[in-house]
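J.: build me a structure from this.
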Amino acid sequence: MIRVIRRILPGMVLVCGFSAGMGLAEEATFDVTMAGVRVAEMTMTGDVSGNSYDVRVMIRSDGLAGIVKRIRFQARSEGQVASDFAPSRYTEQADTGRRQSVVEITYERGVPQVMTYTSPRPDGPDLVDPATQGGTLDPATALFAGLRDLPAGQECNADIAVFDGRRRSVFALSGNGAVCTGDYRRIAGYTPAEMAERSSFPLEVVYVVEGEVMRVVEASVQTIYGKVRLKRR
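T.: Okay, here's the model as predicted:
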């Protein structure tokens, strides 16, 4: 299951437009389903205060019907925000009960510095040099940017690069404000087998009007395992 989570998480980084906020705090819980079966729960908390932000993401599987093992995945990102988000530190921990992995990335003038990266997954033959990834977002920051409440008109316009410490991917969304569609594309750092199996995955994000903002109520991504859907509780 941890391999599935590591593949799904980037696909669920449904990046929309950015909007700086003052004193904003949000918390949301989503059911994660595959083929109509709930396989995990994802909680996201984000706090934007002044020019700083702090985001935490937790994914926990249930082991429902023997489909997946119980796992725990958590990530945290801290940084600054003005017109765009600028991460300063990202950490990630995963525990399958049999194997643990850890990621820590710090940023200097927007350029990621990979301090720790342990994973059971093999690296691609052409490793991505972090020094070339200035301006990219970490997965947690991008997830918050894509699933947070936004003013109308800022929710369906994106072409954002994400670097997770080994791999670079790009997310693009467009639409009419109620339904955003686009794709997640693997760019670099993946194995030849991963690129051959599929390099582009369709995305869809559904918004509703909630007071003065647009709120995500559902999001989905097509993966090699089938369609993965997030549904807000």
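J.: look up how far residue 212 lies from the nearest residue to residue 131 once chain neighbours are set aside.
T.: Ranked by C-beta to C-beta, 6 or more residues apart in numbering and with sequence neighbours excluded, the top spatial neighbour of residue 131 is residue 111, at 6.2 Å. Backbone N, C-alpha and C define where each C-beta goes, glycine included. Going from residue 111 to residue 212 by C-beta to C-beta, to the nearest Å gives 36 Å.
J.: neighbour-wise, which of these two wins?
T.: Legend: neighbour count by other C-beta atoms under 10 Å for residue 111 and residue 212, higher for residue 111 (15 against 8).
J.: which residues does the more buried one form a beta bridge with?
T.: Counting by DSSP bridges, residue 111 is bridged to residue 108.
J.: residue 88 versus that one, what's the distance?
T.: From residue 111 to residue 88 the distance is 11 Å (C-beta to C-beta).
J.: straight-line length of stretch 185-199, end to end?
T.: One end of stretch 185-199 to the other measures 6 Å (C-alpha to C-alpha, to the nearest Å).
J.: what mean pLDDT does it get?
T.: The pLDDT scores in stretch 185-199 average 89.
J.: likewise stretch 208-219?
T.: 88.
J.: and the pLDDT at the residue nearest to residue 210 when sequence neighbours are not counted?
T.: Leaving aside its sequence neighbours, residue 210 sits nearest to residue 149 (C-beta to C-beta, 6+ apart; 6.9 Å). pLDDT recorded at residue 149 is 84.
J.: contacting residues for residue 149?
T.: 26, 210, 213-215 (C-beta atoms under 8 Å, 6 or more residues apart in numbering).
J.: count the neighbours of residue 195 for me.
T.: Residue 195 has 13 neighbouring residues, counting by other C-beta under 10 Å.
J.: element containing it?
T.: helix 192-197 (DSSP states H and E).
J.: average pLDDT for the helix or strand hosting residue 60?
T.: Residue 60 is part of strand 52-61, with elements assigned from DSSP H and E. Across strand 52-61, the average pLDDT comes to 90.
J.: any buried residues in it, and which?
T.: Under the neighbour-count criterion of 16 or more other C-beta atoms under 10 Å, strand 52-61 has 53-57, 59, 61 buried.
J.: for stretch 90-110, same thing?
T.: 90-92, 94, 96, 101, 103-105, 107.
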